[in-house]
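[1] sharing a model prediction with you, sequence too.
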2 protein chains.
Amino acid sequence: MGEEVEAQMKRIEATKGVIGTLVVDPDGVPIRSTLDQSMTLQYAGQLRQLVVLARSAVRDIDPQNDLSALRVRSKSNEIIVVTENNYLVIGIQKLPEPDVSMGMETGSPLGLEYPGWLQKE
Amino acid sequence: MGEEVEAQMKRIEATKGVIGTLVVDPDGVPIRSTLDQSMTLQYAGQLRQLVVLARSAVRDIDPQNDLSALRVRSKSNEIIVVTENNYLVIGIQKLPEPDVSMGMETGSPLGLEYPGWLQKE
């Protein structure tokens, strides 16, 4: 996973508005992070729980299916979590301020795209 | 919520690739759905649980913040859940087949945009 994860993190970090990235290994241990230690542990713990429940929801609905990504949008930011071999690659993107945006009020999708390798599956 | 929810559902239904929509009221009861009864109950139950956990994760990280939307992407589809006054407006979008897509392998975002009113907050 090493080089591939590094490349994904760099790609996510280069995206406009991204304020943090982290990678969590299959044991739940954050192995890369641009956040401070306290935030890293908080994000890793919360998102891991959420991924476990989301995966179980997807499989309950269709046992042949599996989770590939999760996006959690809040008032101030959007977190994207991509799952790959039980690793979590996480990016946190600040939302554009509605007041200063131009044309953003008509439902434009966010700028943070899914990593390219997710589309190749 | 009545007319607003109907309008949102119509907008989501008109989106390319959308194969189902449902609305769940604050008590967890599906009040509109284009899916059959069994699938409606399954989606409503699973996504409600997931929204509860996602909301608690967002608030644990920042008590001033709140969940506004959740997207669950799997191998075959993407579910978007928008929360509004504890109602859940849910759309299920089939993913384009990688084999027949043109230029989709480079990380294009999906066509299912967030509803316009979400951007106006």
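    Perfect, thanks for sending it. Numbering: from 1, shown residues only, chains lettered A, B, ... in the order given.

[2] lowest-pLDDT helix or strand in chain A?
    Using mean pLDDT, DSSP states H and E, helix A:116-119 stands out as the lowest-scoring helix or strand of chain A, at a mean of 43.

[3] and the helix ranked longest in chain A, anywhere near chain B?
    In chain A, taking DSSP state H as the definition, the longest helix is helix A:37-61. Yes: counting by CB under 8 Å from any CB of the partner chain, chain B has neighbours in helix A:37-61: A:39, A:42-43, A:46-47, A:49-50, A:53-54, A:57-58, A:60-61. Just so you know, the C-beta spots here come from the backbone N, C-alpha and C atoms, and that holds for glycine as well.

[4] pull out the buried members of those residues.
    Burial by neighbour count, 16 or more other CB atoms under 10 Å in any protein chain shown: within the residues of helix A:37-61 next to chain B this picks out A:42, A:43, A:46, A:47, A:50, A:53, A:54, A:57, A:58, A:61.

[5] and stretch A:3-12, how far out from the chain middle?
    Here stretch A:3-12 is found 13 Å from its chain centre; the criterion is CA atoms, centre = their mean, to the nearest Å.

[6] returning to what we had before: contacts for the longest helix of chain A?
    Contact with helix A:37-61 is made by A:20, A:22, A:24, A:28-30, A:33, A:35, A:65-67, A:70, A:72, A:79, A:81, A:83, A:88, A:90, A:92, B:39, B:42-43, B:46-47, B:49-50, B:53-54, B:57, B:60-61, B:72, B:74, as judged by CB atoms under 8 Å, 6 or more residues apart in numbering or on different chains.

[7] all strands for chain A, in order.
    Shown for chain A, the strands assigned by DSSP state E span residues A:18-24, A:30-33, A:67-74, A:77-84, A:87-94.

[8] ok so, going back, now do the longest helix of chain A and strand B:77-84, the angle between them.
    Helix A:37-61 runs at 120 degrees relative to strand B:77-84, counting by axes from the mean of the first three to the mean of the last three CA atoms, to 10 degrees.

[9] the inter-axis angle of helix A:37-61 versus strand A:67-74?
    When the same axes, to 10 degrees is applied, the directions of helix A:37-61 and strand A:67-74 differ by 120 degrees.

[10] tilt between helix A:37-61 and strand A:18-24?
    Calculated by the same axes, to 10 degrees, helix A:37-61 forms an angle of 70 degrees with strand A:18-24.

[11] can you give me how far helix A:37-61 is from the chain middle?
    For helix A:37-61, the distance to the chain centre is 11 Å (CA atoms, centre = their mean).

[12] now swap in stretch A:20-31 and tell me
    What separates the centre of stretch A:20-31 from the centre of its chain is 11 Å, taken as CA atoms, centre = their mean.

[13] and it, end to end?
    From its first residue to its last, stretch A:20-31 covers 14 Å (CA to CA, to the nearest Å).
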